[in-house]
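Peer 1: All I have is the shape, not the residue letters:
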């Protein structure tokens, strides 16, 4: 699946019953982030930090082990496409219609050995 990190001005549509912004179906990503930040503020003063630079944490990878690792945890908006975007077609290499003529000309002027 393709994953995209949308820009603040990108627009997302979700069912109004699922949207975090007052029963509307479309909103800009920056509006969505602002609403999440405001709702989180009621829970903690650290809400803006969770969404921007992240907060300090320690991470233990259950798959690979290796002990605790220090880092930051940050919430972000990510779009996961159901259908991958098609790969761009490679551009064909330019062909020179005169290449055969030039090869012939070079052979004619190359001294024989």
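Peer 2: Ah, there it is. In this text the structure is predicted, and so the values were computed from the model without any measurement.
Peer 1: Run through the helices of the protein in chain order.
Peer 2: Secondary structure of the chain (DSSP state H): helices at 29-41, 47-51, 99-109.
Peer 1: So which of the ones you listed is nearest residue 65?
Peer 2: With CB to CB as the criterion, residue 65 lies closest to helix 47-51 of the helices of the chain, at 26.9 Å. Placement of C-beta: from N, CA and C, glycine included.
Peer 1: hmm, who's touching the closest one?
Peer 2: 33, 36, 37, 40, 41, 44, 55, 73, 74, 75, 76 (CB atoms under 8 Å, 6 or more residues apart in numbering).
Peer 1: Is the second one in contact with residue 21, as I believe?
Peer 2: Spelled out, it's residue 36. No. Here residue 36 lies out of contact with residue 21, judged by CB atoms under 8 Å, at a distance of 9.5 Å.
Peer 1: just to revisit the earlier point, rebuild the contacts of helix 47-51 as a markdown table, extending it with pLDDT.
Peer 2: Below are those laid out as a markdown table (pLDDT from 0 to 100):
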| residue | pLDDT |
| --- | --- |
| 33 | 85 |
| 36 | 83 |
| 37 | 83 |
| 40 | 82 |
| 41 | 80 |
| 44 | 77 |
| 55 | 89 |
| 73 | 89 |
| 74 | 87 |
| 75 | 85 |
| 76 | 84 |
